[in-house]
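**Q** Model the structure of this input:
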Amino acid sequence: MKAIFVGYANKHAGNVYRFINPNTNKIILSPDMKWLERKYGDEKNVKPSIISNLYQDIKVYKEADDDDTTTTDFETAFLYGKLKEEIYMEILTGYKEVYAYLGKNKVLVLKMAMYGLVQAASQWFKCLSDMLITLGYNPCESDPCLMYRIDEEGLCNILMFVDENLIVGSRKAIDKVTKEIKNIFSVTVSPRAMEYSGSEMNVAENYLCGWIGQPDLYKNLEKKFGNMLKGQQSTETPSTPGFHVVCNIPEAVFILDHDQKLYRSGVGMLLFLVKHTLPDLSNSTHELLKVMDKATEGHMKELYRVIKYTMDTKNKGLKLQSEDTDDKWKFKAYSDADFAGNKETQISVTGYVMYFMNVPICWRSCEQKRVTLSTTEAEYVACSEVVKDLLFIVYLLRHMKIEVELLIRVNVDNIGVIFLAENQNSSDCTKHVDIRYHFIRQYIKDGTIMIEFVRSSENDSDIFTKNVTSETFSRHSEN
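**A** This next block holds a predicted model:
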């Protein structure tokens, strides 16, 4: 029987796969499955977890104001979820004798969620969020994973991430909510939030600065690629300057399946580093993502170069230290685009980075959705993308009762973008631009954002659109 694979089971459920019978639309769990074929698509988007990085940033400044943080880890979280659908599961090997009295051709009916079900995560989230709402927490309209409560103990914010929660607030407020949660769930509470979402957080004793790193991931890289990197020359940049991955190379010789699997594993580890702590690897990883199923020896060598650079700079991390001297919460952003950066499709590459209190919390390197006809249009599209994320973060902070200083400055290195954003006039060169990108005009008009010019040499987002020289890379990455 051919079926559609929709999920794995893990150690909590045994070696069980979850799939759907396309003929009956029934959901079935079975330990037996034969893979036919799997194709890997081209991932073209490198973007971090905004809320996680923002919270790690706020953690430093909140603790400086006598607030505290903690994390909670729920045990067997997915087993709390209640199912709406009627789901059947084949009797597992080892239990067939126990249920032999049922006879042949019998299956089990699941009454609660279990690990391996697609529904398990959503049902667990519903269970947890409903519980927090009953405790008086209000969900954020911009992101339901963020909730807050204000009571006699003060303001308390909770960020939900699967079975791990990050809590920021006064110590009394934190103790109150953790006690309430313990009365309902089996949960482990860390006295202080030193690790969250795979990242390690270290804060100075005076709470004026902090550092985020991922030492466990570096150990995994060393374990998997250490022997292959012996003799590899150290470099000042992660990728070769000007390097572009070309997918459709005539008569290209692809690496073996075993090496292709290793290639995917290496890029996956780099992605997780980019997501939380290494924005300077964004464009390098974005390029390597293009050939997840058809890499050549040249692509493999470039991967080794990036990993070598990563290991050589493993003592570096994301520094959290405000350079502002007043009490206002400030944002700024840099936006850039590499016109026709994809040499095969001629699609431009968007790159941007935004700073919260002079600390990078969001960065992105991705290809645009369609071909643009000029450098100005490509930069205008990139500018609209960074404004979308800026507005999202402003809404999040307002939900946490944090007011942001307006105007928020977005820095670009193209005068045409500023003219196009601040004027309603159109010309033969711009009248075709999709109306969706013009939404930034209303936020310029109401005083939310301001588009400012910055020299290309001072545009920090330059390294997110192309692989640059060592001089340019060091100038921007050290910022």
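**Q** Correct me if wrong: Val187 contacts Ile181.
**A** Yes - the criterion here is Cβ atoms under 8 Å, and Val187 meets it with Ile181 at 5.6 Å. Backbone N, C-alpha and C define where each C-beta goes, glycine included.
**Q** What segments of the stretch 201-350 of the chain are strands?
**A** For the stretch 201-350 of the chain, applying DSSP state E, counting those that start in this stretch gives strands covering 209-213, 318-321, 331-338, 349-356.
**Q** Those: lowest mean pLDDT?
**A** Lowest mean pLDDT of the strands of the stretch 201-350 of the chain: strand 318-321, a mean of 78.
**Q** Only the buried residues of that strand, if you could.
**A** Across strand 318-321, burial judged by 16 or more other Cβ atoms under 10 Å covers Leu318, Leu320.
**Q** Mind giving me the packing neighbours of that strand?
**A** helix 50-64, strand 209-213, strand 359-367 (3 or more Cβ pairs under 8 Å, 6 or more residues apart in numbering; DSSP states H and E).
**Q** ok, of the ones you listed, where does mean pLDDT dip lowest?
**A** When I compare the helices and strands packed on strand 318-321, helix 50-64 is least confident, with a mean of 53.
**Q** For the strands of the stretch 201-350 of the chain, give me TSV that also has distance to Val371.
**A** Formatted as TSV, the strands of the stretch 201-350 of the chain follow (distance: least, Cβ to Cβ, whole Å):
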stretch	distance to Val371
strand 209-213	37
strand 318-321	34
strand 331-338	12
strand 349-356	12
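**Q** Return the backbone torsion pair for Ser384.
**A** Recorded main-chain torsions at Ser384 are phi -70, psi -30, according to degrees, to the nearest 10.
**Q** er, Tyr196 actually
**A** According to degrees, to the nearest 10, Tyr196 has phi -160, psi 130.
**Q** Remind me which helix or strand the nearest residue to it once chain neighbours are set aside belongs to.
**A** Excluding its sequence neighbours, the residue lying closest to Tyr196 (Cβ to Cβ, 6 or more residues apart in numbering) is Leu166, at 5.2 Å. Assigned by DSSP states H and E, Leu166 falls within strand 164-169.
**Q** the more surrounded of Val187 and Ile181?
**A** Ile181 (21 against 16; other Cβ atoms under 10 Å).
**Q** and the more buried one, how far is that from Asp73?
**A** To Asp73, Ile181 is 11 Å away according to Cβ to Cβ, to the nearest Å.
**Q** do Glu403 as well
**A** 32 Å.
**Q** One more: Asp175?
**A** Applying Cβ to Cβ to Asp175 and Asp73 gives a distance of 17 Å.
**Q** Ser456: what's it in contact with?
**A** Applying Cβ atoms under 8 Å, 6 or more residues apart in numbering, we find Ser456 in contact with Asp413, Asp462.
**Q** Pick out whichever of Glu403 and Asp73 has more residues nearby.
**A** A count of neighbours by other Cβ under 10 Å puts Asp73 above the other of Glu403 and Asp73, at 14 against 10.
**Q** Where does the prediction get shaky in the stretch 101-250 of the chain?
**A** 207 (pLDDT under 70).
**Q** Which residue ranges of it form helices?
**A** With helices called from DSSP state H, counting those that start in this stretch, the stretch 101-250 of the chain shows them at 118-134, 171-182, 215-225.
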